[in-house]
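> dropping a prediction and its sequence here:
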Amino acid sequence: MSINRRDLLKLAGVAGAAGMLPGLARAQSLEKTGVSIAVGGQALIYYLPLSIANVNGYFKDEGLNVKIIDFAGGSKALQAVVGGSADVVSGAFEHTISLQSKGQEYSSFVQQGLTPMIVLAVSKKTMPDYKSPEDLKGRKIGVTAPGSSTNMAISFFLSKYGVKPSDVSFIGVGGGAGAITAMRTGQIDAIANLDPVIGTLLKDDLITIIADTRTVKDTTEIFGGNMPSGCLYTRRDYIAANPNTVQALANAIVRADKWIQKSSPDEIAKVVPEGYLLGDVELYKACLEGNKPGLSPDGSMPEDGPRTALDALAAYIANFPADQIELSKVWNGEFVARANQKYPNG
């Protein structure tokens, strides 16, 4: 069945950002074959589609030579692209909105996650008598990196209980063994992190979960709608100048999204780097099972996603210029529509 331009724009949903491209990218040569992608904590299941696209050779299938640069957190990965040392970010969608509030034009073009997949938990060692979020005032909360999506998510959650970001201390602990050590040794009182870090801490009986965004149901209860998460995003002028390269990136991620959904935890655990397993393959597989609902099935954006993300930022950032944000500029769905046309079955 053929799909015309109008059909594709319908598939793009809230994107509406068709104006970014003068026409549909055709099967032309890539503007760039070498692309650097900055990511903050690649071993986290949150970023699994990026890793699968790489290890399964999907980027190479599209003619791309992708270099993945791993940082301690999403905010540091973002800094790499803003500073010009990387082309694209694999990170949290809400950064595109916060960047626009500062006059910088960035857009997501393919989703890796449906939910933030972030878990907030308190230490059983330093907070055994925890009763409510108000108890976190004056405490140290470990996040992957200050300013990252973990920092944003916990700030929003606390704001619902009258706890301001200035009421707590955010400590960057990364998304791997360092985060586990920080909790185990009592360096932090609470943590906002993802699997397999959270799964490891639970196995060792070190934490009590107080908020969980690994499923759509729990996410909508906390945020009041679909809260988009992991995605590939970059500068809008980069997308306009390299539409075929961006299409190739979207194709690879959509294939990875679909491969993950139809693959078992055993199959996934066999292809990811051994370091991702944190020494416990069975725990990693259990974490995969628990997080699968939070991963995107096809790279698309929920219709209410951008608005939910904007409302979340406005809820805890003082004087956030929500009325000045143009949501049509932070998500472009044309690339995902074409990727799904090319790879309907992954």
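Yes, it's here. Residues are numbered from 1 along each chain as shown.

> so where do the strands sit in the stretch 101-250 of the chain?
Taking DSSP state E, counting those that start in this stretch as the test, the strands found in the stretch 101-250 of the chain are 106-111, 119-123, 140-143, 169-172, 190-193, 207-212, 230-235.

> make a markdown table from the ones you listed and add distance to residue 299 to it.
The C-beta positions use only the backbone N, C-alpha and C, and glycine is treated the same way. What follows is the strands of the stretch 101-250 of the chain, written out as a markdown table (distance: least, Cβ to Cβ, whole Å):
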| stretch | distance to residue 299 |
| --- | --- |
| strand 106-111 | 4 |
| strand 119-123 | 24 |
| strand 140-143 | 27 |
| strand 169-172 | 29 |
| strand 190-193 | 25 |
| strand 207-212 | 24 |
| strand 230-235 | 9 |
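
> would you format the ones you listed as a markdown table with mean neighbour count, distance to residue 263 and mean pLDDT included?
Below are those laid out as a markdown table (neighbours: other Cβ atoms under 10 Å; distance: least, Cβ to Cβ, whole Å; pLDDT from 0 to 100):
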| stretch | mean neighbour count | distance to residue 263 | mean pLDDT |
| --- | --- | --- | --- |
| strand 106-111 | 28 | 18 | 98 |
| strand 119-123 | 25 | 23 | 98 |
| strand 140-143 | 25 | 30 | 98 |
| strand 169-172 | 18 | 32 | 97 |
| strand 190-193 | 29 | 24 | 97 |
| strand 207-212 | 18 | 24 | 96 |
| strand 230-235 | 26 | 18 | 98 |
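
> of all these, which one is nearest residue 157?
strand 207-212 (5.2 Å; Cβ to Cβ).

> got the angle between that closest one and strand 119-123?
Using axes from the mean of the first three to the mean of the last three Cα atoms, to 10 degrees, one finds that strand 207-212 and strand 119-123 are set 150 degrees apart in direction.

> show me the contact partners of strand 207-212.
Contacts to strand 207-212, defined as Cβ atoms under 8 Å, 6 or more residues apart in numbering, come from residues 119-124, 130, 133, 154, 157, 183, 191, 198, 201-202, 218, 222.

> mind redoing it with 10 Å?
By Cβ atoms under 10 Å, 6 or more residues apart in numbering, the surrounding residues in contact with strand 207-212 are 115-125, 127-128, 130, 132-133, 135-136, 153-154, 156-158, 160, 183, 190-193, 198, 200-202, 218-219, 221-222, 290.

> who does that strand pair up with?
strand 119-123 (antiparallel) (DSSP bridges).

> coming back round to it: which PyMOL command selects the buried ones in the contacts of strand 207-212?
The PyMOL selection below is limited to those of the contacts of strand 207-212 classed as buried (16 or more other Cβ atoms under 10 Å):
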select buried, resi 115+116+117+118+119+120+121+122+123+127+130+133+135+136+153+154+156+157+158+183+190+191+192+193+198+200+201+202+218+219+222+290
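
> do you know which of the strands of the stretch 101-250 of the chain lies nearest residue 328?
Nearest of these (Cβ to Cβ): strand 106-111, 9.5 Å.

> any regions of the stretch 101-250 of the chain where pLDDT drops low?
Scanning the stretch 101-250 of the chain for pLDDT under 70 picks out nothing.

> centroid-nearest residue for the protein?
In the chain, the centroid-proximal residue (Cα atoms, centre = their mean) is residue 230; its distance is 1.9 Å.

> so what's it bridging to?
Bridge pairing for residue 230 - DSSP bridges - gives residue 92.

> try the one 4 residues further on
According to DSSP bridges, the partner residues bridging residue 234 are residue 107.

> so it sits against residue 88, correct?
Yes: in this structure, residue 234 is within contact of residue 88 by Cβ atoms under 10 Å, at 4.5 Å.

> overlap in contacts of these two?
By Cβ under 10 Å, 6+ apart, residue 234 and residue 88 have these common neighbours: 35, 37-38, 81, 109, 242, 246, 249.

> want to throw these into a markdown table with distance to residue 312?
Converted to a markdown table, the shared contacts of residue 234 and residue 88 look like this (distance: Cβ to Cβ, whole Å):
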| residue | distance to residue 312 |
| --- | --- |
| 35 | 30 |
| 37 | 25 |
| 38 | 23 |
| 81 | 22 |
| 109 | 21 |
| 242 | 30 |
| 246 | 26 |
| 249 | 26 |
